[in-house]
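S.K.: This is a predicted model, with the sequence first.
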Amino acid sequence: MIDSELASLAQTVLAENRAIGRMVATAESCTGGLVAAALTEIAGSSDVFDRGFVTYSNEAKMEMLGVPSALLALHGAVSEPVARAMARGAVARSKGGVAVSITGIAGPGGATAGKPVGLVVFARSIRGGIVTVETRRFGDIGRASVRRQSALLALEMLRP
């Protein structure tokens, strides 16, 4: 069940992208498909939402999105280079004119030195090559809250 704030923002994302004739795609790791679920909660979303990639493992990131193994080895999954590659891969492997990627540590475990629980990296890729990256430190606010806050920010990044 998607809460009303996620559903409302998803509806806005769909309407704004519909108005400019643009399809969207997602590449999700720590959110596990929550952004795609919010978008597909809205009736009629199939004319705007092309597909979502849930790439929880490094292998999935490499196989489904073409993330180079060297990037994962050098920077780790929760990094700006990997988020960029995920977003680019989602655009390249979909009909999306825009894609957002999310990779992070929702907790309660999984933190490492320099990568605390609540660290989430986002990237937005526009077909044609423009990629923007944003890193957020939500803190140790609980797994569900990290995932929800991440989905909200990812939806905002899908707006024109």
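M.R.: Arrived safely, thanks for sending. Numbers count the residues shown, from 1 in each chain.
S.K.: can you map out the helices along this protein?
M.R.: Using DSSP state H, the helices of the chain run over residues 4-19, 34-40, 58-65, 69-75, 80-92, 143-157.
S.K.: Save these as CSV, and put in mean pLDDT, distance to Val121 and mean neighbour count too.
M.R.: Heads up, the C-betas are built off the backbone N, CA and C, glycines and all. Listed next are the helices of the chain as CSV, based on pLDDT from 0 to 100; distance: least, Cβ to Cβ, whole Å; neighbours: other Cβ atoms under 10 Å:
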stretch, mean pLDDT, distance to Val121, mean neighbour count
helix 4-19, 98, 20, 17
helix 34-40, 98, 14, 24
helix 58-65, 98, 13, 17
helix 69-75, 98, 10, 13
helix 80-92, 98, 4, 24
helix 143-157, 98, 10, 21
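S.K.: Of all the ones you listed, which one is nearest Val100?
M.R.: Judged by Cβ to Cβ, the one of the helices of the chain that comes nearest to Val100 is helix 143-157, at 4.7 Å.
S.K.: contacting residues around that closest one?
M.R.: Helix 143-157 is contacted from outside by 3, 5-6, 9-10, 13, 26, 28, 30-32, 34-35, 38-39, 100, 102, 104-108, 117-118, 120, 122, 124, 132, 134, 136, 138, 141, using Cβ atoms under 8 Å, 6 or more residues apart in numbering.
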